[in-house]
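**Student:** Quick one: sequence plus predicted model below, questions after.
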Amino acid sequence: MIKVEQLTKHYAGTVAVDNLSFNVSEGEIVGFLGPNGAGKTTTMRILAGYLPATGGEIEVAGRDVFRESLEVRKRIGYLPENCPLYLDMRVDEYLEYRAGIKGVSPRAVRSRVDGVKEKCGLQEVGTRIIGQLSKGFRQRVGLADALVHDPQLLILDEPTVGLDPAQIRQVRQLIRELARTHTILLSTHILPEVETTCDRVLIINEGRIIASGTPKELEQNLLTGSRITVDIKVPEERARENLETLLGVKSVSTYMVDEWTVAEIECDEHEDPREAIFTSVVEAGWKMRELRQHKKTLEDVFVELVVDRNGGDGVKRSGIQPARSEYGGAS
Amino acid sequence: MRSFLLLWRREVGSFFLSPIAYIMSFFFLVVMGVGFGFTVQHLTAGSMSYEVLQNIYASFFPWLSVLIAVPVLTMRSFAEERKFGTIETLMTAPVSDTAVVLSKYFGCLLFYVVMWIPTISYIFIINKFSTTKIALDPGALLGAYLGGLLIGGLFVAIGIFCSSFTSNQIVAAIMSFAVMMMLFMAGLVSHISNIEWVARLTGYFSSLAHMMDFSRGVVDSRPVVYYVTSTAAVLFATIRVVEARKWK
C-alpha cells in the first residue's frame, strides 16, 4: 500500500528525514514511534501530499505521491497533528462539506456522513458547533473526516494526543475496528499505544529508522538477556554460590528480607534458566516463595534505542566532560 | 467544478458567520451615509451643476472605507487557515490549489458586492425627495457600479494575495492596505508631479480618476483591461504562493 524508498527531506539547513525506506502492505496497522522531532510528522505530511520530498520515491496504492497527487489524495484519509477543524461550523455541516470536496457523490454524501458519525460515536452532536465540543469529540470529528470518503489508507498523526484515558481507550478501540477494512499508519510517542494497536512498529529517530518489527520481535531481538527474581529461605552467601554455577546465569546480586534472600539474576542472551533454578533450589531442599521473570517491554527497547542515544549525544554536546576536565586541571 | 462550488459556499458561509464581516459592512455604510449626507447638503444649497453620481461614487468617502474594508475582509482567508492548521486538511483533500484560491477570491468578492448593495437606495432617495428631478442616467449608474466592481475585484485579489503569505492576519491586513493605498494614491501623484511621464504613468493607475469616468458613464476600455488583467495576474501569483510549499 505504501512504498517509501530513500525518502529525504531537508528544511533550510536541517535534515528532517534522512534516507528513510519502508513498506506497508495492505491491511496492516503500522505504528511510527519516536521522540518528538524525530521526523514522524514530516514523513506523514509528505505521504499525505502536503509537502514535497527533497529526494526519494514514494508510492501510495501504486501511484507516485507527487506526480499523481490528486489521485493519491482521494485514497488517503489524513488526520493531521492536533486535529485542525473549522470551529465555526456544525459537525454535520463540516462532514458534508468535507465529503463533498473529497469527491463523494452528492447522493452518497448523506449516507456516508451518517455512517462515519455512527462509527465515531457522533450521532448526538451532529447539530453542535465544533468550537463548542470537547477535545475528545473534536478528535472524533477529525477521525470521521479522515474516514468520510472511505479511503484505502488512513494516516493518523498522534490520534490520541491530549485525550483523557477513557477517550484514549475509545479512540484505540475505534482504530482497531477500522483496521479490519483499512490500512493504517499512525504515529505516536506513547508506547502502550503501539503495543496495543499495531501489527508492526517502526522506531524512528533523527529522521532514520533505527528498528522495525512486530512489538514482540522488537522485544525479543533488541533486548537480549532477561532478569529473574528469586526469593529463597537461605542465607545470602549459600544462595549466591548455588545460583552462580547454573547455566545461563550471568550475575547474581542479593539482599536479605528477614531470613529470606532475594536474588536478582541477570541472564545470558537468549537463556531462560528458570527451570534450572527451580530444580537446584528444590534439590538443595530450600523453601522458595517467588520465582519471577521480568519481561522487558517495548518501553525498554525504546529507551535503549532512542533515549540512550540522545542522552549520550546530549552529554557530549552540552560539554559536561570538557568542563569537568577544566576544573580538574585548575585544581 | 463541484469542489470549487463547495469550497466557495464554505467561504461565503464563513463570511456570514463571522462578526468581523458584519461590523465592517456596518462601518462601510456609516461612512457612505456621511458622504451621502454631504451630497444632499450640496443639493439643498442649490448647486445645480453638481454631479450627483460622481459625488457619491468617486469621492473620498466610499474609497477610503473600501481601502479599510477590503484588507479586513480578506486578511483571514489564508492567514486563518495557516494559523489553525486547517490549511493542512484543506490541501490534503483532493482539491487543486487553483480551486482553493479562486473559491476564496470569489467568496470575498461576493461579500464585497453585498456590502455595496444598500448604497443603490441613495439614488432612489434623492429622486424621491428632490424637487428638481435629477436626470438619472442608467448608463452612468451602471458605469459607477461596474467601476466599483472592477476596482474592488483587484483590491480583493491583492488582499487574498497578501493573506497567502502569512499566518498573521494583522500582517496580512497591513500589507494589503499598504499596496492598495499606493495604487489608490497614485492618482494624487499625477496631480502634483512636475515630471511629465511620471504624471502620465501614475494617471493610468489612478483608481479615483477611473471612477470619475465610470460614474459619468464613460467606460473606457483601458481601465477595464487594466483591472481585469492585473486581477488575473495577482490571482495567478497567489496560486503560485500557495503552491510554493511544494517547490523542492
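**Tutor:** Happy to help now that I have it. Here the structure is a predicted model, which is why all the values come from computation and not from measurement. Residues are numbered from 1 along each chain as shown, chains lettered A, B, ... in the order given.
**Student:** near chain B, which residues of the stretch 1-150 of chain A show up?
**Tutor:** A:45, A:48-54, A:66, A:70-71, A:73-74, A:76, A:78, A:80-82, A:84-89, A:97-98, A:100-103, A:106, A:145 (Cβ under 8 Å from any Cβ of the partner chain). For the C-beta atoms, the positions are set from N, CA and C on the backbone; glycine is no exception.
**Student:** so which residue of the stretch 201-331 of chain A comes closest to chain B?
**Tutor:** Nearest residue of the stretch 201-331 of chain A to chain B (Cβ to the nearest Cβ) works out as A:Gly207 at 17.1 Å.
**Student:** Spell out the residue ranges of the helices in chain A.
**Tutor:** For chain A, the helices defined by DSSP state H cover A:40-47, A:69-75, A:91-101, A:106-119, A:135-147, A:165-178, A:191-197, A:215-222, A:236-244, A:274-284, A:298-302, A:308-318, A:320-330.
**Student:** Redo those as a markdown table? Include mean neighbour count and mean pLDDT.
**Tutor:** A markdown table is the format used below for those (neighbours: other Cβ atoms under 10 Å in any protein chain shown; pLDDT from 0 to 100):
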| stretch | mean neighbour count | mean pLDDT |
| --- | --- | --- |
| helix A:40-47 | 24 | 90 |
| helix A:69-75 | 19 | 90 |
| helix A:91-101 | 23 | 94 |
| helix A:106-119 | 16 | 92 |
| helix A:135-147 | 23 | 90 |
| helix A:165-178 | 16 | 83 |
| helix A:191-197 | 19 | 78 |
| helix A:215-222 | 16 | 73 |
| helix A:236-244 | 16 | 85 |
| helix A:274-284 | 14 | 88 |
| helix A:298-302 | 20 | 71 |
| helix A:308-318 | 11 | 44 |
| helix A:320-330 | 9 | 34 |
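**Student:** Tell me the secondary structure at B:Leu73.
**Tutor:** What DSSP: H, G, I helix; E, B strand; the rest coil gives for B:Leu73 is helix.
**Student:** Thought B:Val113 was touching it, still the case?
**Tutor:** No - here B:Leu73 does not reach B:Val113: they are 11.4 Å apart, not a contact under Cβ atoms under 8 Å.
**Student:** who's more crowded, these two?
**Tutor:** Set B:Leu73 next to B:Val113 and count neighbours by other Cβ atoms under 10 Å in any protein chain shown: B:Leu73 wins out with 28 against 15.
**Student:** any idea of the pLDDT on the closest residue to A:Arg200 other than its chain neighbours?
**Tutor:** Counting by Cβ to Cβ, 6 or more residues apart in numbering or on different chains, A:Val30 is the residue found nearest to A:Arg200 once chain neighbours are left out, at 4.9 Å. pLDDT, A:Val30: 91.
**Student:** how about A:Val30, what does it touch?
**Tutor:** By Cβ atoms under 8 Å, 6 or more residues apart in numbering or on different chains, the residues touching A:Val30 are A:24, A:184-186, A:198-202.
**Student:** Can you tell me the closest non-neighbouring residue to B:Leu208?
**Tutor:** In this structure, B:Leu208 finds its nearest non-sequential neighbour in B:Gly187, 4.5 Å apart by Cβ to Cβ, 6+ apart.
**Student:** secondary structure class for the one you found?
**Tutor:** With three-state DSSP as the basis, B:Gly187 sits in helix.
**Student:** residues in contact with it?
**Tutor:** B:202-203, B:205-209.
**Student:** Smallest gap between chain B and chain A, at which residue?
**Tutor:** B:Gly85 (3.5 Å).
**Student:** Would you confirm that that residue contacts A:Leu85?
**Tutor:** No - counting by Cβ under 8 Å, B:Gly85 sits too far from A:Leu85 to count as a contact (9.2 Å).
**Student:** Leaving out the residues flanking it, which one is nearest to the residue of chain A found nearest chain B?
**Tutor:** Chain B sits closest to A:Pro84 of chain A, with a gap of 3.5 Å, by Cβ to the nearest Cβ. In space, and not counting its chain neighbours, A:Pro84 is closest to B:Gly85: 3.5 Å by Cβ to Cβ, 6+ apart.
**Student:** Report the contact partners of the one you found.
**Tutor:** For B:Gly85, the contact set (Cβ under 8 Å, 6+ apart) comprises A:80-82, A:84.
**Student:** Quick check, central residue of chain B?
**Tutor:** B:Gly152 (2.1 Å; Cα atoms, centre = their mean).
**Student:** how much space between that one and A:Gly213?
**Tutor:** Going from B:Gly152 to A:Gly213 by Cβ to Cβ, to the nearest Å gives 61 Å.
**Student:** Does A:Glu259 touch A:Glu236 like I think?
**Tutor:** No - between A:Glu259 and A:Glu236 there is no contact under Cβ under 8 Å: 10.3 Å.
**Student:** Now do the contacts for residue 73.
**Tutor:** By default, I'm working from chain A. Counting by Cβ under 8 Å, 6+ apart, A:Arg73 touches A:48-49, B:92-94.
**Student:** looking at chain B here, not the other one
**Tutor:** B:Leu73 neighbours (Cβ under 8 Å, 6+ apart): B:15, B:20-21, B:24, B:108, B:111-112, B:156, B:159.
**Student:** Check those and tell me the two furthest apart.
**Tutor:** Taking Cβ to Cβ, the two most distant members of the contacts of B:Leu73 are B:Ile20 and B:Val156; they sit 15.1 Å apart.
**Student:** Nearest residue to A:Phe278 in space, please, no chain neighbours.
**Tutor:** Using Cβ to Cβ, 6+ apart, the nearest residue to A:Phe278 is A:Leu291, at 6.2 Å.
**Student:** which residues does A:Leu7 bridge with?
**Tutor:** In this entry, A:Leu7 is beta-bridged to A:Leu20, by DSSP bridges.
**Student:** Appreciated, that's everything.
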